[in-house]
Structures are given as structure tokens and as C-alpha cells.
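Visitor: Show me the folded form of this:
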Amino acid sequence: MYDTLIKNIGQLILPKKGPLKGEAMKQLHVREQAALAWKNGKVAWIGDTKTASQIEAKEVIDAHGRLVTPGLVDPHTHLIFGGSREEELALKQAGVPYLEILEKGGGILSTVKATKKATEEELLKKGRFFLERIASYGVTTLEAKSGYGLDKETELKQLNVVKHLNEEGALDIIPTFLGPHAIPPEYKSDPESFLSEMIALLEEISRKDLAAFTDIFCETGVFTIEQSRRFMKASQELGFRTKIHADEIDSLGGTELAAEMGAISADHLVAASDQGIKDLASSETVAVLLPGTTFYLGKDTYAPARKMIDSGAAVALATDFNPGSCVTENLQMIMSLAALKMKMTPEEIWNAVTVNASCAIGKEETAGQLEIGSLADLVLWDVPNYKYIPYHFGTNHVNTVWKRGEKVWERGESYVFSIPQPERQS
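Guide: Numbering: from 1, shown residues only. All right, here's what the predicted structure looks like:
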């Protein structure tokens, strides 16, 4: 007797183990006319619709030919922050440079100020609100960074909030310490001292088990290649796996550094060099691409996903949900942008938001998969096939989301597609 059985699944996506690189990203394992059952929060049976009639379960759900997939994985978010910055949109539209906005107390400094002011309880309530919305888009596992404190007290506060939300268990949240996210104004003339403070904080974060990863913003006007290498090395010596915001604006060599240091992921990569892409392809570092950020900032040049995949690199996709440069929790919209702006195929996109995204946050054994024994993290979609979601953009196609077999979001009534059958030759 199983807990739940879903029968009459039109397509069931069953990703292979990753990270998937190059040609392997172009292959998507899809089972037609399938059925799936779980027990005690884990997938216990996968078969076809005909065999499902022999399966007993406490609850039986008829998918009516719709799509079922693993829960999506979002490997790059800035989930916990105070305040918001909607007033800056009009300034950007008027052509006010970001540095001028920053000088007036806006930009990231505005978020830092609001996050410092917010209490843990306020940040918890706000985080729960965002998590419900994130779940509604089909995400069951995500990464969440600190980085809006730029001081010990607030960075620890953000990480404590992430830990508390993860323990509440609605979704799995993987914490990342991004202390060196920007240089505080009081350290502009001495960024090395600020970096030393962030490095000194690593030991306490490790002792309190507040982060799985560390991250640094390697970019012109923020942290250099040498400073980033110093921070990554110190992190690794304390047992952290490392990430890096790399080559978002200028090609500094952050992509190459990620491969050199064995980073679990290199994120953004809009300006990655040919050598950086080559280094990625020969490494296990996952390229986490964030087309929503490029779109929201009104820029024309997107990360070279096509070149990366064709060169043999592993690519994942993420929202970069944050209050300044990508204000969306909708990973489905990111999937559409990946197709329209980065020329990724539907097969590559699905691998990028499941198996490869899980590899980018060290959860390849528990997230982005559907196989016997894996967590029953899955989504029933109100669509007839996996190609439909990148095609129909800007909306939410989710019907029901389960986390460890427990329902965490449900739309309710939905339209059931009539799926045309191929004409038979007489």
C-alpha cells in the first residue's frame, strides 16, 4: 500500500545523474503514459499507466495526460533582505547611473540599511511569504545567500533566518555566506581590511553550521581576482565549498578562477572569456546563468549559454531573486528567457533547472531527481508536455507541488489539455 499514486501521466521527466555536460545536456529522459507512486516521502514505484491499475494507494490522482517532473531547483537567490527598491525603477528609466543612485543612499546600500534595521522575526515573516510564492512556481529546493549586512551582526542574522526557515521544512534551503558582496563606504579606501573581517567571520559561521558555501562578488569596483582567490582559499581551508559571482560585467578572469579553485559553481558569466569557457568545460564547476538579471537591467548581452554547452560545460539556470537587479521568484519565466535570449533547447532548459541546478548546490543526491528511493519532490503541471512551459511565458503553469510527498501548494481546478494524437496511416 503506497501513500499516493499518480496515474495517466502524459510525460514524466526522469533526469539522469549529473552534472550533465555538453551533449549530455541535450538528452532528456522522458517516459510517456507513465505512473508514479511514493511512500514515506520517497518515490517507491515508477511504471506505466496500464500497470498502475494493479497498484494500491491511499490516494490516487489522475493526471489526465499532464506533465509531471521533479521539483525545480533554484541555485542562486538572495532570499533574505529588508525593504524594497521600487522607487529606483523610475530613476533607471530616466537614465540615472547606478553609481549616482548609490551616492544618494540607494542601490545595494539601501537594502543593507533596511536589512540591518529589520529584526529576525520581520525577516522570517518576509522569507515565509517569498517561500510560498517560490513553491507556487514549482521550486522545492533553493539556495539563499546572505550579503546584505556587510558586517558581522547582520550577516549572522541573515544566515540565522535561513537556517530557521530551512528547519521549518516547507522547502529545502541551502545557505551561502556572501559577506564580500560589496565594499561598505567606510572601507572604500581599505577593502583589504573589510575582506579580512569577512574571512575572520568564517570560523564562527563554520562552528555554528550556518552555511554550506561561501561566495564573493568578483567584479570591477568590488573584489579583484587576487582578493577573491584569497577569500576562496580561506573558505576551503575551513571546509566550505566555494561559489563566485564572476564576469558579470567585465571579463576579469573570474570564470577561470572558479575552475582553478574547484568552485562548485560560477554565477552570472555574461562576460566569460573563451578561455574561461574552455576551463569550465574541463572542470566540474557548474555555470549558473541568470538571464532574468540581464533582462531586468535592460541589457542586450546575455551569458553565452550556447557556446558553453557546445564547448562541453555544465549549465544551470537560476532566478537571482533579489530586490535590486532581478525582482522575480518565477523560475518558469527564467526558463522562457533561456529559450528566447540564450537559445537553449527545452531539453537543456529542463536539465538546467533540475539535475544541474542540484549539482550547483551540492544536492545532486536528493534534489532534481525522480527515481526509486529519491525524495518525492515533484510537480504536476497544467500543460501537455515539457516543451510547453518555455513556450508559454510569463505565467504560472503549476497545478500541485509536493515536498517529500507532502502537498505544499495546489492551484485547485484546472484546465485539462486535450492532447492530439498522431494520425494513423490506413
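Visitor: residue boundaries of the helices in the stretch 201-350 of the chain?
Guide: 225-237, 254-261, 274-281, 291-296, 305-311, 331-342, 346-353 (DSSP state H, counting those that start in this stretch).
Visitor: Return the most buried member of those helices.
Guide: Ranked by mean neighbour count, the helices of the stretch 201-350 of the chain are led by helix 346-353 with a mean of 26 (mean count of other Cβ atoms under 10 Å). In this view, the C-beta of every residue, glycine as well, is placed from N, C-alpha and C.
Visitor: rewinding a little: quick one: which of the helices of the stretch 201-350 of the chain is nearest residue 201?
Guide: With Cβ to Cβ as the measure, helix 225-237 is the member of the helices of the stretch 201-350 of the chain nearest residue 201 (10.4 Å).
Visitor: Run the chain-centre distance for the closest one.
Guide: 23 Å (Cα atoms, centre = their mean, to the nearest Å).
Visitor: Just put the helices of the stretch 201-350 of the chain in a markdown table and tack on mean pLDDT and distance to residue 245.
Guide: Below are the helices of the stretch 201-350 of the chain laid out as a markdown table (pLDDT from 0 to 100; distance: least, Cβ to Cβ, whole Å):
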| stretch | mean pLDDT | distance to residue 245 |
| --- | --- | --- |
| helix 225-237 | 98 | 9 |
| helix 254-261 | 98 | 8 |
| helix 274-281 | 98 | 14 |
| helix 291-296 | 96 | 11 |
| helix 305-311 | 98 | 17 |
| helix 331-342 | 98 | 17 |
| helix 346-353 | 98 | 18 |
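Visitor: Nearest to residue 388, out of those helices?
Guide: Of these, nearest to residue 388 by Cβ to Cβ is helix 346-353, at 8.8 Å.
Visitor: Tell me how far that closest one lies from the chain's centre.
Guide: 13 Å.
Visitor: Give me the angle between that helix and helix 331-342.
Guide: Here helix 346-353 runs at an angle of 130 degrees relative to helix 331-342 (axes from the mean of the first three to the mean of the last three Cα atoms, to 10 degrees).
Visitor: packing partners for the very next helix or strand once past helix 346-353?
Guide: Downstream of helix 346-353, the next assigned helix or strand under DSSP states H and E is helix 355-359. Counting contacts by 3 or more Cβ pairs under 8 Å, 6 or more residues apart in numbering; DSSP states H and E, helix 355-359 is packed against strand 72-74, strand 286-289, strand 314-317.
Visitor: In a markdown table, list those along with mean pLDDT and distance to residue 359.
Guide: Output for those, formatted as a markdown table (pLDDT from 0 to 100; distance: least, Cβ to Cβ, whole Å):
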| stretch | mean pLDDT | distance to residue 359 |
| --- | --- | --- |
| strand 72-74 | 98 | 9 |
| strand 286-289 | 98 | 5 |
| strand 314-317 | 98 | 7 |
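Visitor: So for residue 382, which of these sits nearest?
Guide: strand 72-74 (15.1 Å).
Visitor: Remind me what the closest one packs against, helices and strands.
Guide: Partner elements for strand 72-74 (3+ Cβ pairs under 8 Å, 6+ apart): strand 139-145, helix 346-353, helix 355-359.
Visitor: re the thing from before, JSON lines for the helices of the stretch 201-350 of the chain, including distance to residue 57?
Guide: Shown next, in JSON lines, are the helices of the stretch 201-350 of the chain (distance: least, Cβ to Cβ, whole Å):
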{"stretch": "helix 225-237", "distance to residue 57": "46"}
{"stretch": "helix 254-261", "distance to residue 57": "45"}
{"stretch": "helix 274-281", "distance to residue 57": "44"}
{"stretch": "helix 291-296", "distance to residue 57": "38"}
{"stretch": "helix 305-311", "distance to residue 57": "39"}
{"stretch": "helix 331-342", "distance to residue 57": "29"}
{"stretch": "helix 346-353", "distance to residue 57": "27"}
